[in-house]
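1. Sequence first, then the predicted structure:
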Amino acid sequence: INKAGGTVQNVVFEDIHNAANNLSAVYASGLEGTATITGCTFDNCDWDAIQATPVAGAVLTITGNVFDTDNTDGVQQQRYVHIQSAANVDFTSTVTGNVMKGDTKQGALEAYFFADEEKINVSHNYIEDMADVCILDGTGALRNDMVFPAYKDAEKTELYQPVAMIATSAYSADYYPTLAAALIGAKSGDTIQILAGTWGEDAIGKLDEEGEYTNANIVRYKSLTIQPAEGAEVTFTSTLSLGYDDSSTANATMTVKNLNFDGASLALSNYVQVNVEGCTFKNGTSNTAGTLIVQDSCCKNHKTTGDYPASQVTIKNCTIDGSNDGASGIRIRNSGNVTITGNVIKNTAHNGILFESNGSVDNTPVKTVSITGNAITEWDVGNVADGGRAMRLDFGTLAADSAVTIEGNLFRKDETGLDKPDFMKITGAGAATVSLEKNDWNNELRSTVSGNSDYYTVDTATPVALAAVVTTKKEPVAQIGETRYYS
């Protein structure tokens with residue numbers, strides 16, 4: 001097919017072969033126009049059944065073809081469909097409704113370096129071996145998720161949509177029908193990519209049958225990252241619980257990034273290090289413990305011998321909108337060092353952030369806690385008498401060389417409740433260093449907030465006074481009786 005394009009329709013290509021084993025049945029080199037290959041049969045083609053190298057503006061359509069090989073001696077059968085542009089080229093390609101059977105030397109479907117994924121459709125094909133797929137976008141990122149949904153059978157009667165994939169190399173991936181299956185199949189250090197979709201309880205799956213814990217005990221030792229596939233929008237509508245809640249910390253790290261939760265919570269238990277970044281939670285949750293829960297990252301009981309890294313929990317750039325009655329937005333229990341930064345937490349039934357420590361379990365009395373740059377609004381939405389605060393931090397008993405930094409946060413609440421202080425209560429601080437500087441306390445003045453138990457209480461040995469707050473209001477220069485003067 002020349003650069004201007006053309007149509008190949010209802011043609012049978014069989015035993016296409018030359019002495020150099022590099023003969024393609026259809027070749028569209030430097031395609032600039034529109035090329036269509038449809039309704040054809042390709043059987044035992046030497047190099048690529050279809051090879052195309054499109055340039056910007058090209059349109060390539062490959063539909064309703066059947067590809068097969070019987071591995072005849074001397075016939076290379078390298079790939080069925082091979083589309084490769086230069087890096088980040090804006091072309092359009094539709095490869096759908098094809099049947100790809102047999103075992104090629106390299107791949108069944110390969111498409112490389114497109115600039116705009118919205119112009120590439122490689123789904124709704126039957127591919128006998130999904131390991132023979134390689135889709136790379138213009139940056140070289142693996143985008144094999146784009147081949148789904150795919151047909152489960154050559155008759156194209158039933159579609160298959162996996163929930164997760166794990167890259168096995170820079171060019172291939174394994175696919176899993178549930179997140180639980182991916183967790184079982186993963187190796188420590190793997191990234192589990194969740195494919196685009198809204199996923200409920202069935203998609204999450206189960207690690208074990210009721211009363212059995214074989215897989216759960218294996219999975220808990222794996223350090224993993226769970227995140228959407230490149231460009232995918234992922235929403236879970238059922239609570240996702242990872243780890244194993246038995247007050248015994250495993251020497252493993254769990255990272256969760258950029259997932260959405262609708263009416264569902266995320267609970268991470270007994271990982272020595274936890275990172276949650278860029279996740280969103282809305283419409284509350286049935287979990288009364290909290291919306292985002294991290295627990296027991298520094299238990300006195302370790303699951304394995306040997307050195308553990310320092311316990312570290314990081315929650316960054318998440319949005320939490322709503323929680324169940326009595327539940328907090330973020331709940332952290334028995335954790336070592338903690339960083340909570342850049343989050344938006346609003347409309348929680350109880351606390352915005354709750355930190356709890358149980359001395360019989362927590363083995364890290366020396367902690368570095370940093371809670372900075374968060375916006376916490378409308379906590380304790382019912383304004384009940386024993387309601388929550390923006391932050392309720394109970395450290396048990398912190399060691400003297402601990403440091404608690406709560407700075408640069410914004411607190412907003414239209415109606416304060418009946419339980420004081422509404423904004424912050426800290427217990428167990430002991431002789432630790434506590435800083436509450438440069439927070440915005442409902443746009444109030446420093447003179448109003450500093451030392452005022454209606455805003456915060458801290459049980460440190462030395463009372464905490466505020467040197468600075470963030471406010472648009474101006475401090476008075478003088479006061480006579482109840483009258484303040486500003487100039």
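-> Happy to help now that I have it.
2. measure stretch 297-305 end to end?
-> The first and final residues of stretch 297-305 sit 15 Å from each other (CA to CA, to the nearest Å).
3. got the buried residues for it?
-> Within stretch 297-305, the residues that qualify as buried are 297-299, 302-303, counting by 16 or more other CB atoms under 10 Å. For the C-beta atoms, the positions are set from N, CA and C on the backbone; glycine is no exception.
4. Just the residues contacting the helix or strand hosting A87, thanks.
-> The secondary structure element spanning A87 is strand 79-89 (assigned by DSSP states H and E). Strand 79-89 is touched from outside by 42, 47-56, 60, 62, 67, 91, 93, 95, 98, 100, 104-115, 138-140, with contacts defined as CB atoms under 8 Å, 6 or more residues apart in numbering.
5. Quick check: PyMOL command selecting the buried ones in these.
-> Buried residues among those (16+ other CB under 10 Å), as a PyMOL selection:
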select buried, resi 42+47+48+49+50+51+52+53+54+60+62+67+91+93+95+98+100+104+106+107+108+109+110+111+112+113+114+115+138
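6. Give the residue spans of the stretch 301-450 of the chain that score low on pLDDT.
-> 385-386, 416-421 (pLDDT under 70).
7. can you check the stretch 151-300 of the chain too?
-> Scanning the stretch 151-300 of the chain for pLDDT under 70 picks out 286.
8. residue contacts, G5?
-> Here G5 is in contact with 28, 31-36, 58-59 (CB under 8 Å, 6+ apart).
9. what's the most distant pair in these?
-> Largest separation among the contacts of G5 by CB to CB: E32 and T36, giving 14.5 Å.
10. sorry, back to before: starting from the strand holding A87, tell me which strands it pairs with and how they run.
-> Strand 79-89 sits in its sheet next to strand 48-53 (parallel), strand 107-114 (parallel), going by DSSP bridges.
11. mind listing the helices for the protein?
-> 179-185, 201-204, 214-219, 446-449 (DSSP state H).
12. out of those helices, nearest to M165?
-> Per CB to CB, nearest to M165 of the helices of the chain: helix 179-185, 7.7 Å.
13. how about that closest one: buried residues?
-> 179-184.
14. Can you tell me the number of residues neighbouring T7?
-> Neighbour count of T7, defined by other CB atoms under 10 Å: 11.
15. ok, it - contacts?
-> Here T7 is in contact with 35-38 (criterion: CB under 8 Å, 6+ apart).
16. about what we covered before: out of the contacts of G5, list just those in strands.
-> The strands, defined by DSSP state E, take in 28, 34-36, 59 from the contacts of G5.
17. any idea how far the closest residue to M165 other than its chain neighbours lies from N144?
-> Excluding the flanking residues, the one nearest M165 by CB to CB, 6 or more residues apart in numbering is A173, at 4.5 Å. Applying CB to CB, to the nearest Å, the value for A173 to N144 is 5 Å.
18. again, but for V133
-> 5 Å.
19. intersection of neighbour lists for those two?
-> Joint contacts of V133 and N144 (CB under 8 Å, 6+ apart) are S172.
20. follow-up on the earlier one: make TSV from the strands paired with strand 79-89 and add mean pLDDT and distance to N18 to it.
-> Converted to TSV, the strands paired with strand 79-89 look like this (pLDDT from 0 to 100; distance: least, CB to CB, whole Å):
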stretch	mean pLDDT	distance to N18
strand 48-53	96	13
strand 107-114	96	21
